[in-house]
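Asks: Pasted the sequence and its predicted model underneath.
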Amino acid sequence: MNSLLAVDADIPAGNIIVESIDGDTVRMRPDLRDTEGHWFYWHCRLRGGAGRTVRVEMTSPNTLTTRGAAASFDGGATWQWLAPTGPADWSFLCPVPAGADDVRLAMTPPYAGEHLRRYLEARGHLEVSMLCTSRKGRPVVCLRAGGLAGDPPHRVVVTARHHCCEMMASWALEGLLDAFAAADDAGAWLRGNVELLAVPFVDTDGVLDGDQGKNRRPRDHNRDYLGESIYPETAAIRQRVPCWSQGRLRAALDLHCPWIRGVETNERIYIVGSPDPGMWAEQQRFGEMIERHRRGPLPYLAADNLPFGVAWNVGGNENTGRSFGRWASTLDGVVLAASIELPYAIARETDVTPASARAFGADLAEALRQYLMTL
Ligand SMILES: [Zn+2]
């Protein structure tokens, strides 16, 4: 007799609501928690399915990427895609190998606390310190890289996970940070000319708890740069960055992921256009640098940047909050402030994976170097 299937979210960054389990069919959906409206992050553990083919039906739409769901049969070490059972179908089949009794399923391969911890343990060139303590009492980490011993002319700040579910941004951040340790001329230039400050998990509690984060009520972390900040992380960034940069902040990059799939720009890498024409011109100039110097597999075209006023980039009104990018563009010395959107699964038909996202991060570092050399 078959053992019973069990699905739970009791894993790091876990998120699922199980509606029913009937034989080999699981029906489930993302746990929205304090999200306003629909969102699509989920990540769970499936047990009891070894040697069987489990059918998973997501009961809310737009919860699978175009490539399907991500599955790991080795406890989260490696991941593969399981294709949807049909177009615009939110179901997939999961053939569980014999002996695999801890299967992880997710919308895309997750990046949470253990990933950052492992990364930092392996990278001695990064100075790790605490930005602040999260609402739930966790340390919020910030990193410095580059010319820490000297007095380099340029300062750059990079943030990720203002929206905690946007995990592909973290792989890109790893690639960007690694460029500062590279044993080549580009790495030497970055170390000689740039001091970088990075906040890898702006919404640390959300990342570790597996929240959506996007459209969190009453406002999410990337709307929290107006009036008094309601989150300790954003308050600390607003306090720390101007003190640290001393008027020499040249660039501020904020890494994001767009909507889950398809529809206009969501399967392309792009910069979110500023309403300020001067800043939009700098964003376009930076985009041209990425396009020209790109060596990684993920395609990027400056023409894919999303001008202000197009699609979702209509700004809303500032009474509901201000983004990190808009705030950073007001700081002394800043020439470039940009939010960059990296898709969850596909960029112009090339797979976005931890490896390809890391390579895109390296491309961003090289574009940054080329850009700063023109200032
Ligand atoms: Zn975002």
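Replies: Cool, the structure landed. Numbering: from 1, shown residues only.
Asks: switch to C-alpha atoms for all contacts and neighbour counts from now on
Replies: Noted.
Asks: Excluding sequence neighbours, find me the nearest residue to residue 130.
Replies: Leaving aside its chain neighbours, residue 130 sits nearest to residue 141 (4.7 Å; criterion: CA to CA, 6 or more residues apart in numbering).
Asks: Tally up the residues packed near the one you found, please.
Replies: For residue 141, the neighbour count with other CA atoms under 10 Å is 20.
Asks: Check the one 10 residues further on too.
Replies: Neighbour count for residue 151, taken as other CA under 10 Å: 12.
Asks: and the residue in the stretch 51-200 of the chain that the ion sits nearest to, how many neighbours?
Replies: Using CA to the ion, the closest approach of the stretch 51-200 of the chain to the ion is made by residue 163 at 4.8 Å. Neighbouring residues of residue 163 were enumerated by other CA under 10 Å; the total is 26.
Asks: what sits against it?
Replies: Shown here is residue 163, whose contacts under the criterion CA atoms under 8 Å, 6 or more residues apart in numbering are 202, 203, 212, 213, 214, 220, 221, 222, 256.
Asks: Can you tell me the SS state at it?
Replies: Reducing the assignment at residue 163 to three states with DSSP: H, G, I helix; E, B strand; the rest coil gives coil.
Asks: again with residue 196
Replies: Under the three-state scheme (three-state DSSP), residue 196 adopts strand.
Asks: bridging residues for it?
Replies: The partner list for residue 196 in beta bridges (DSSP bridges) reads residue 145, residue 156.
Asks: mind checking pLDDT for it?
Replies: Looking at residue 196, its pLDDT is 98.
Asks: what about it, neighbour count?
Replies: Residue 196 has 25 neighbours, counted by other CA under 10 Å.
Asks: before we move on, the earlier item: for the residue nearest to residue 130, grab phi and psi.
Replies: phi -90, psi 140 (degrees, to the nearest 10).
Asks: show me the residues around it that make contact.
Replies: Residue 141 makes contacts with 128, 129, 130, 131, 132, 199, 200, 201, as judged by CA under 8 Å, 6+ apart.
Asks: out of the contacts of residue 163, who's nearest the ion?
Replies: Minimum separation from the ion among these (CA to the ion) is found for residue 256, which lies at 4.3 Å.
Asks: doesn't residue 56 make contact with residue 92?
Replies: Yes. With contact defined as CA atoms under 8 Å, residue 92 reaches residue 56; the gap is 5.4 Å.
Asks: quick one on the thing from earlier: I'd like the contacts of residue 141 as JSON lines, with secondary structure and neighbour count appended.
Replies: Below are the contacts of residue 141 laid out as JSON lines (DSSP: H, G, I helix; E, B strand; the rest coil; neighbours: other CA atoms under 10 Å):
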{"residue": "128", "secondary structure": "strand", "neighbour count": "14"}
{"residue": "129", "secondary structure": "strand", "neighbour count": "12"}
{"residue": "130", "secondary structure": "strand", "neighbour count": "11"}
{"residue": "131", "secondary structure": "strand", "neighbour count": "19"}
{"residue": "132", "secondary structure": "strand", "neighbour count": "18"}
{"residue": "199", "secondary structure": "strand", "neighbour count": "24"}
{"residue": "200", "secondary structure": "coil", "neighbour count": "22"}
{"residue": "201", "secondary structure": "coil", "neighbour count": "25"}
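Asks: Quick check: of the residues you listed, which lies closest to residue 172?
Replies: Distance to residue 172 across the contacts of residue 141 (CA to CA) is lowest for residue 200, with 10.5 Å.
Asks: I'd guessed that closest one sits against residue 173; true?
Replies: Yes. With contacts counted by CA under 8 Å, residue 200 reaches residue 173, the gap being 7.4 Å.
Asks: hey, what's in contact with both of those two?
Replies: Between them, residue 200 and residue 173 share these contacting residues under CA under 8 Å, 6+ apart: residue 160.
Asks: any weak-confidence spans in this structure?
Replies: 1-2, 263-264, 316-319 (pLDDT under 70).
Asks: Up against the ion, what does the chain have?
Replies: The interface of the chain toward the ion, taken as CA under 5 Å from the ion, is made up of 163, 256.
Asks: Give me the most central residue, the chain.
Replies: residue 169 (2.7 Å; CA atoms, centre = their mean).
Asks: Which residues are in contact with that residue?
Replies: Shown here is residue 169, whose contacts under the criterion CA under 8 Å, 6+ apart are 160, 161, 255, 256, 257, 342, 357.
Asks: how about the residues you listed, which pair is most distant?
Replies: 161 and 357 (14.7 Å).
Asks: what residues are up against residue 6?
Replies: Residue 6 sits next to 21, 46, 47, 48 when contact means CA under 8 Å, 6+ apart.
Asks: ditto for residue 229
Replies: Taking CA under 8 Å, 6+ apart as the contact definition, residue 229 lies against residue 235.
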